[in-house]
Structure formats: structure tokens, C-alpha cells
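S.K.: Sequence first, predicted coordinates after that:
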Amino acid sequence: DRHDFTIHVLPTDQIPFSEFSQAPMKIAALLGLIELTACPYLVICSEFELVGFIDNDKHVYKILKTALVPLSKSLSHLSHRQNQDNSEYLKMVETILDSPGLYFSPHMDLTQSVQRLYGSGPDSQGSSVPVIAKCDERFLWNHYLLKSVENKMDALQFFTVVVCGFISVSQCTINNARFKYILLSRRAHKRAGVRLWTRGGDYDGNVANYIETEQIVETSTHVCSYLITRGSIPLLWKQTPNLAMKPKPALLPASDGQNLVALTAHISNELSLYWKRVTLVNLINKSGAEGSLTDLFRKITYAAKEGTLKGHGELGYEFFDFHHECRKMQWHNLSKLVGRLHTERQQQGSFQASRIGGKIDGGVLLQRGVFRVNCIDCLDRTNVVESLLCQETLKEQLRSLHVLSIEDKIVDFPQLETILKETWIENANTISLQYAGTGALKTEFTRTGKRTRWGVLMDFLNSSKRWFINNLTDGFRQDAYDLFHGKVTAQSYKVPGYVSPFEAAKAGFAKIIPLVLLVVGFSLALYSSLVPSENSLTYTVVWLGLSLISASYILIYGEDFVDRPKLSRYE
């Protein structure tokens, strides 16, 4: 109802089509509603593309284009300031909707792993209950958009589950055996955000950049699956942007006991969700800026293992100083980590089942543990190690299906090798774009198995782009995440004494002066050096000195000059 914004489900013959004055709008999927300053907006998917089929015949689509439709017929009730704010909120929502890696399926629950779908009860392989009503809420990306209809089952059935992350479906044939290779990464919506403004964990067990990745193999008679997770170190820490190329991670002023609470909350969730067996794989540096975080992570993990988590399950901890071990192009040292994790990986196992017509027929093997991998960003180093562990499991699964023999290696089959490399690179790039704003680093190793100086140069260029985005544009993106997931709400025009949050957050005069002096000083220094005069050298030195002093001031007080979130307070 566009007058009072209530939602009703009507039989087709009761819909007043004659009252519609506008041409019909193409809607591929309803994603939910979000209330902004002017009114609630209906969020729709208008364009999509087919990614492939999972579980035999279930379509998986990638969202290409969305639209926000105001439920109010007019915005004339807004003041000029409110109209500006409403437009800003719209840009934020559109920023998230335009992010790469949003997917939906009309007939499959993309939030659930294959093992959970096949093992969550008698209705797990077919049920009249809408997918949206039984999905894994952690990975329901449009959870907040569905708040207004979550208790209205008649309306809820018309809305679609959206996952954020990455999905790829590839066909492969080796040794006359045809199978699908599927990679599916699911991003958690809790503690969602951007690279430097969202770090660490909280007391509820949520961590930044948490992603569950599932590798699936489907043949005509079998399905195999393997899960692995990643997420920020579950302690209380930050890494506030300050114009430095790599800001130093800093522990928040919290006691060991408080960090123990945060880590315990997160790991206990992991243990309960992943069969009471979790091995933490820590890839950050042993010394330097990351050293204190490494030490505290190890200390609190063992304290939890012997204390708060004792009896909750099996918790392992494996440390591997990725940068130190792989320095000077020694990437072959990664095999040492894979070797050290071999026994644990086999004990965890993986899911495998035979099936007929898409349903389990018998021969079920279950995964009974998971690796939780992290580096500082949980992007580049993490993706390399996850790809290696998944590849080892893939070899074992294909051998058990008699697709590969004991002697066969993946490098012996160029089609499969190419699929694995390109899929994991695309996975790395998509996940990195969502969190850091750029493609991933270190993808050259995933593609070629080695590092070259050209790859190092490309990583430097990507790092420079990250610096620009993380320091100068990510405050807006963090606000967008917070608004989209309901951490903050748009201020309604109905609020008495309306005050714009954007007006209040405008840069102060003291912040603008150094920037003006830097630009003016550098410009005049350049002009003085290019236009000859009697005092050109003196003027050039003076203006250059002014610009250097301004630049030094900006770098020293860098946190005051980065793009900060305006809707939430971030320290």
C-alpha cells in the first residue's frame, strides 16, 4: 500500500491493475525493503546472468543490476537538506548492491553447505517450506532488508535469499569422466565492513571478513564437498587508516580476560557449527608490526583451550609466518605447511555421498572438522593457503571416485589445472574487491605456482590503489555497509528538529587549511621553478618548504585527514 506502506498479499483477481498509471517494471527478484529519509524503498533485481546449475538442475544467478523503488508516490514532502540526505543514503545502498559477488537461486539454499542440506533432517532434500525461512542466517546478505516481512510468511515467500561472496560452476572431463567443479564462498553479514575500519572480533563472537568457502564436486552418481573458513583474528584490535601505506595494528585497551571472552565466543561458535573440531591456521608475521598480535593470539588461544573451551571440542593451532617463510621468492616452502596439516586434514575428512535423482542413496562420508585460516586481512595469504588445502582434498576425492588414479596429479590434466587456478584467482579478486576495494595480491602464485618480479610490481600497484581507496574513500563504504545491514538507520524526515548527520560531519576549518597550504605551496613552487625570474630559486625553496611542512603535518596527524565514517563512531 503506497499510502501507509503496509504489505498485503492479494489474489490476482483482486489486484487493481486499472489504477496503475506507469508501464510495468521488469523484476527478476524481490530483495527486500529499506527505509530511508523519504520513505521505504523496495529493492529489486532487474538484471541477472546464469552462473550455472548446482545439485543437478538448480539455477544459480549472479545479480547484475538492481533498482530501488520508492513506496511514496512523491518526494515533495522533503526539505532541500532532507532531499540531499535521502540521495546520499540511496548512493550508499546502491554502493553495496553494485558490489561484485551477489547471487541468488530460486530453488536452492545457497547459505547452506551440501553436508548441511543433506543432513539437516528428513526435509533437507525437498520441502514445501520456503528457502528463505530455513536458511543459515549468518550468510543471508539481505537479512536487514527482510526485517519488515520476516514474520509475514505469505509475503516472505515472494522474496529471495541473497548471498555475497563468490560462486563459480565449471565443467571438466578427465580420464573420460565428466564432473562439475564448484567453488562457493559465503560472506557473513555480521561485522561486515571495509578493510581498515572493520577488524578483529567482538564479544558476541563475530569477526570481520568472515567467509565460509565450499568446494563441491558433482558427478552423475556422487557429490563431494569440503568446507574451510576464514576470518579476522578474534581479538579486540584495530588498524585505523592514517595515510601510512600499512598502518600498524593496535590492540584495544582491553585486558587478557576481555580478549579471552571475545575469542571464546567466536571459537565456541566455530566448534558448535563445524563438528567440534577446529584448527586455527595463523599466517601473520611473527615479529614487526604484527608481532604483538601474533603473541596475544597464541596466548589467548591456549588459555581458552585449557580453560573456557575445555571440553567443548578439539581446538588446534598452527602458526606459519607466511612472509618470512616465502621471502626471496621461496614459495616452495608452502609445501611445509601443507605437509604439517596433512594428518589433521585427513582426520577432518570431507563430505561424500552417492545419489540418485539428486537425493542421497547411500555411501555417506562426513566432514568432521574445519581449518579456520587467517592472515592480517584474511585476503591474499589466506586465499593462497586455502587453495592449496582444497586442492589436496580435491585430489583425494577424485581418487575415491576413480576419476584419478593414485599416480595421477592435477598438473597432468591442463583443463582441470586451469579451472582450479582461474577459479581461485577469481574468488580471491572478488572477495578482495568487497573488503579492500581492489583485486587480490599474490594471485600470480595461484596461477603459475611461482613468483616473478613482474608479479611483485603488479602487487605494488594494487597496494598503492588500496592505499588510496582505504584512506580516501572507505569511510563512505563503511557507512554503506552499516546502513545496508541495519547497524545504523537513515533518519526519517518525520523526526522533530531534523539534523543532518552529513552536515554535522563536514570537515572542519583546521582540517582544510593544511590541505590548501599543501596544494598552494606545491603549485607556486612548481610555477616559480618553471617561470624564470631574479628570485626564482628563493621563491621555489620557500613555497616548497611550505608544502613540505604542510605535508609533514598531514602525515603526522594522518587519522584526521582520512575519509572517516559519518554515521557511526569508529576509533
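M.R.: Thanks, I have it. Residues are numbered from 1 along each chain as shown.
S.K.: neighbours around the residue nearest to Arg81 when sequence neighbours are not counted, how many?
M.R.: Excluding the flanking residues, the one nearest Arg81 by CB to CB, 6 or more residues apart in numbering is Ser500, at 5.4 Å. Using the backbone N, CA and C atoms, a C-beta is placed for each residue, glycine as well. Residues within reach of Ser500, counting by other CB atoms under 10 Å, total 17.
S.K.: hang on, isn't Asp474 packed against Gln239?
M.R.: No - using CB atoms under 8 Å, Asp474 is not in contact with Gln239, being 12.0 Å away.
S.K.: Mutual contacts of these two, please.
M.R.: Common neighbours of Asp474 and Gln239, using CB atoms under 8 Å, 6 or more residues apart in numbering, are Leu196.
S.K.: Who has more neighbours out of these two?
M.R.: Asp474 (27 against 23).
S.K.: How confident was the prediction at the closest residue to that one other than its chain neighbours?
M.R.: Leaving aside its sequence neighbours, Asp474 sits nearest to Val194 (CB to CB, 6+ apart; 4.5 Å). If you check Val194, the pLDDT there is 97.
S.K.: Pull up the gap between Val194 and Asn471, please.
M.R.: Remark: distance between Val194 and Asn471 (CB to CB, to the nearest Å) = 11 Å.
S.K.: who has more neighbours, those two?
M.R.: Neighbours were counted for Val194 and for Asn471 using other CB under 10 Å; Val194 has more, 25 against 21.
S.K.: close enough to count as contact, the more buried one and Phe476?
M.R.: No - the pair Val194 / Phe476 is not scored as a contact, 9.4 Å apart, by CB under 8 Å.
S.K.: Using the three-state scheme, assign Leu33.
M.R.: strand (DSSP: H, G, I helix; E, B strand; the rest coil).
S.K.: residue contacts, it?
M.R.: 40-43, 71, 145, 148-149.
S.K.: re earlier: which residues does the residue nearest to Arg81 contact?
M.R.: 81-82, 84-85, 491.
S.K.: ok, it to Lys336 distance?
M.R.: In terms of CB to CB, Ser500 sits 56 Å off from Lys336.
S.K.: Repeat that for Ala23.
M.R.: To Lys336, Ala23 is 63 Å away according to CB to CB.
S.K.: same deal with Thr448?
M.R.: Counting by CB to CB, the gap from Thr448 to Lys336 is 20 Å.
S.K.: ok so, going back, quick one: pLDDT of the residue nearest to Arg81?
M.R.: 88.
S.K.: And for Gly497?
M.R.: pLDDT, Gly497: 83.
S.K.: Repeat that for Thr198.
M.R.: On the pLDDT scale, Thr198 is placed at 97.
S.K.: what does the one 4 residues further on give?
M.R.: The pLDDT attached to Asp202 in the predicted structure is 97.
S.K.: I figured it hits Tyr210, correct?
M.R.: No - the criterion here is CB under 8 Å, and Asp202 misses it with Tyr210 at 11.5 Å.
S.K.: of the two, who's got more company?
M.R.: Tyr210 (27 against 16).
S.K.: Val131 versus the more buried one, what's the distance?
M.R.: 22 Å.
S.K.: just Ala551 next, same as before
M.R.: 55 Å.
S.K.: swap in Lys336?
M.R.: For Lys336 relative to Val131 (CB to CB), the value is 43 Å.
S.K.: ok, now Lys238?
M.R.: 37 Å.
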